[in-house]
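Chemist: Structural data only, the sequence is not supplied:
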């Protein structure tokens, strides 16, 4: 074999094989595959968070750790948000009676005290802007309500358009109307945040004391006492001569 033929054969063996698919395609494929994996993992996380938030048994158990109850009230569903900056929030809804409750809890601290003060502050009528138009907190009234032997600070207000013709029309606007009461359930002399926001939807009728006491009856507020058991009915008098 001549030197020229030898050099030619060695060159062919040393040269890398030609790619059938361009390198940029492989790069794009790897990037797309990575993006797909990330998207799938994100969806898995979202579905897990949603499943956990709507797990009725788990969320009632979580809520009972801060607001004890033996049996969840019938017809009430619960959604618990993941704890954020030491604050836990639960949304309770009684669709049949058009009632909603929000329970907020946070350990003692400056942020808890600030939120507690803001929720109970009577700043007068406050109107929301943007797509909610004239909706806001109207007819604000501060006071207290006696529940399970405790006098709890509270604030009542109405949600409706202050000026007629403003706010979302139709069903959306009607669904935003309601009567609310904010109640401080935290233990006495404590900086803990434990607030209840109870709302009756689609009504201008203010929340009454008895109605709120009934809503809180399944729960045991910190430092509260059980309501007294109803007295047994008195035996009926049997007229003389009967039963002989």
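Modeler: All right, it came through fine. These figures come from a predicted structure and were not determined experimentally.

Chemist: who touches the helix or strand encompassing residue 103?
Modeler: Under the criterion of DSSP states H and E, residue 103 resides in strand 99-106. Under the criterion CB atoms under 8 Å, 6 or more residues apart in numbering, residues 63, 66-67, 86-94, 112, 115, 178, 192-201, 215 lie in contact with strand 99-106. For glycine as for every other residue, the C-beta is placed from the backbone atoms N, C-alpha and C.

Chemist: Strand partners (parallel or antiparallel) of that strand?
Modeler: strand 88-94 (antiparallel), strand 193-201 (antiparallel) (DSSP bridges).

Chemist: Could you identify which of these is most buried?
Modeler: Among the strands paired with strand 99-106, judged by mean count of other CB atoms under 10 Å, the one packed with the most neighbours on average is strand 193-201 (a mean of 21).

Chemist: Identify the residues contacting that strand?
Modeler: Identification of contacts with strand 193-201 by CB under 8 Å, 6+ apart yields 66-67, 87, 98-107, 112-113, 115-116, 119, 159, 175, 177-187, 207, 212, 215-216, 222.

Chemist: Repeat that for stretch 69-77.
Modeler: Residues from elsewhere that reach stretch 69-77, judged by CB under 8 Å, 6+ apart: 56, 60, 63, 78, 92-97, 215, 218-220.

Chemist: residues of it that come out buried?
Modeler: Going by neighbour count (16 or more other CB atoms under 10 Å), the buried part of stretch 69-77 is 72-73, 76.

Chemist: Name the nearest of those relative to residue 145.
Modeler: Closest approach to residue 145 among those (CB to CB): residue 73, at 18.8 Å.

Chemist: circling back: mind checking which of the contacts of stretch 69-77 are buried?
Modeler: Buried residues within the contacts of stretch 69-77, defined by neighbour count using 16+ other CB under 10 Å: 60, 63, 78, 92-94, 215, 219-220.

Chemist: quick one: which of those residues is nearest residue 142?
Modeler: Where those are concerned, and distances follow CB to CB, residue 142 has its nearest neighbour in residue 215, at 19.7 Å.

Chemist: contacting residues around the closest one?
Modeler: Residues counted as contacts of residue 215 (CB under 8 Å, 6+ apart) are 73, 99, 101, 198.

Chemist: on contacts alone, who are the packing partners of whichever helix or strand comes after the strand holding residue 103?
Modeler: Sequence order places helix 110-120 as the next helix or strand after strand 99-106, per DSSP H and E. Identification of packing neighbours for helix 110-120 by 3 or more CB pairs under 8 Å, 6 or more residues apart in numbering; DSSP states H and E yields strand 99-106, strand 150-159, strand 178-184, strand 193-201.

Chemist: what sits up against helix 110-120?
Modeler: Contacts of helix 110-120 with the rest of the structure, by CB under 8 Å, 6+ apart, involve 85-87, 104, 106, 142, 153-155, 182, 184, 186, 191-193, 195, 197.
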